[in-house]
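K.L.:
okay, structure incoming, though there's no sequence with it:
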């Protein structure tokens, strides 16, 4: 636990277990509501660490074990937190940001603000904070407020999907009730199409064919100058937890490819095997 | 701190029960009897983020060889949700007993 940007922040740094020289750094940024660094702890952190990557995961403000202030949930607050965390931990080499859902939105805004600190972005079912994104978030969060806080809906969730899902929904409802997150998040600040065209960092967009970008899985690739897309067939929004073996392989290949190209000193386990 | 005493199923279960009590302290304490069949989510009401803390406590107690994140990363979501304490005990015995 460290204090960053005025917030007690819960993080976990899993050091590279193998490899020679400076290890690449992957920073995992989780999603909104009921998500936490556990999504990465249970999926990517250990395999990436075993493959020679330093893996930093942390709980966003208001989530997991990090402090939950009542206000301060605009995208810029999350970007400030990430910058402060990297500063506090002394991480000054460019990092690979792996963002799940809203975590990817934070990653895009962070890269737009300070591209020199970003080696690449892996966006899992995410999109940048554009006006269209803000409008959708506003509607979605409004629906969550209405539906997820009602006890009868939680009972229905428990009956239909199991108590685990009902508990997650209740956790999301608690954050919503205790903070200004619903009104703050859609406020951005937003990125324009010019901002996106200027985003030169390499981006890997991983989407489910039935996920949030199902209507146009390649929209992000069209909006960015240096974006590759991987569509996972038959998968909804829960790409990270439900298809984590596939995501792990994609992320490892991606990091390996971009480390080899840009940082000869940093070597993954695969290089020395 | 790592242990030098031989590990048994009973001693690991007792250790894990102590760790669960520590994690559950912030939720009002451990109020069920913990057995091999107790489930992490359904019976104890714990969430994924609590597994992160359990993982840290296991590594502190038995050493870095007991890497819970690595163990869980090979499992599917439903297996993690339905995780039994007995599965954790078996994992600790296997992991702590290798590579010495």
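P.N.:
Looks like it came in fine. Here the structure is a predicted model, which is why all the values come from computation and not from measurement.

K.L.:
any idea where the strands of chain B begin and end?
P.N.:
In order along the chain, chain B carries no strands (DSSP state E).

K.L.:
who in it is up against chain A?
P.N.:
B:41-42, B:45, B:47-49, B:51-53, B:55, B:67, B:69-70, B:72-73, B:77, B:80-81 (Cβ under 8 Å from any Cβ of the partner chain). The way it works is simple: take the backbone N, C-alpha and C, and place the C-beta from them, glycine included.

K.L.:
low-confidence bits of the stretch 101-250 of chain A, can you list those?
P.N.:
The stretch 101-250 of chain A contains residues with pLDDT under 70 at A:145-167.

K.L.:
helices of that one, residue ranges please.
P.N.:
In the stretch 101-250 of chain A, the segments counted as helices under DSSP state H, counting those that start in this stretch are A:102-113, A:131-148, A:151-161, A:163-178, A:181-184, A:193-197, A:219-223, A:239-242, A:244-262.

K.L.:
could you export those helices to TSV, including columns for distance to chain B and mean neighbour count?
P.N.:
Below are the helices of the stretch 101-250 of chain A laid out as TSV (distance: least, Cβ to the nearest Cβ, whole Å; neighbours: other Cβ atoms under 10 Å in any protein chain shown):
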stretch	distance to chain B	mean neighbour count
helix A:102-113	15	26
helix A:131-148	16	15
helix A:151-161	11	13
helix A:163-178	5	18
helix A:181-184	18	18
helix A:193-197	33	14
helix A:219-223	26	16
helix A:239-242	5	21
helix A:244-262	7	18
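
K.L.:
so who does the most centrally placed residue in chain B touch?
P.N.:
Geometric centre of chain B, nearest residue: residue B:88, 4.7 Å, by Cα atoms, centre = their mean. Applying Cβ atoms under 8 Å, 6 or more residues apart in numbering or on different chains to residue B:88 gives the contacts B:16, B:40, B:54, B:68.

K.L.:
distance of it relative to chain A?
P.N.:
Residue B:88 sits 14 Å away from chain A, going by Cβ to the nearest Cβ, to the nearest Å.

K.L.:
next one: residue B:16
P.N.:
18 Å.

K.L.:
that residue reaches residue B:34, doesn't it?
P.N.:
Yes: with contacts counted by Cβ atoms under 8 Å, residue B:16 reaches residue B:34, the gap being 7.3 Å.

K.L.:
which one's more surrounded, these two?
P.N.:
residue B:16 (21 against 17; other Cβ atoms under 10 Å in any protein chain shown).

K.L.:
pLDDT wise, what is that one at?
P.N.:
At residue B:16, the model reports a pLDDT of 96.

K.L.:
and for residue B:24?
P.N.:
On the pLDDT scale, residue B:24 gets 89.

K.L.:
surely it meets residue B:43?
P.N.:
No: using Cβ under 8 Å, residue B:24 is not in contact with residue B:43, being 11.4 Å away.
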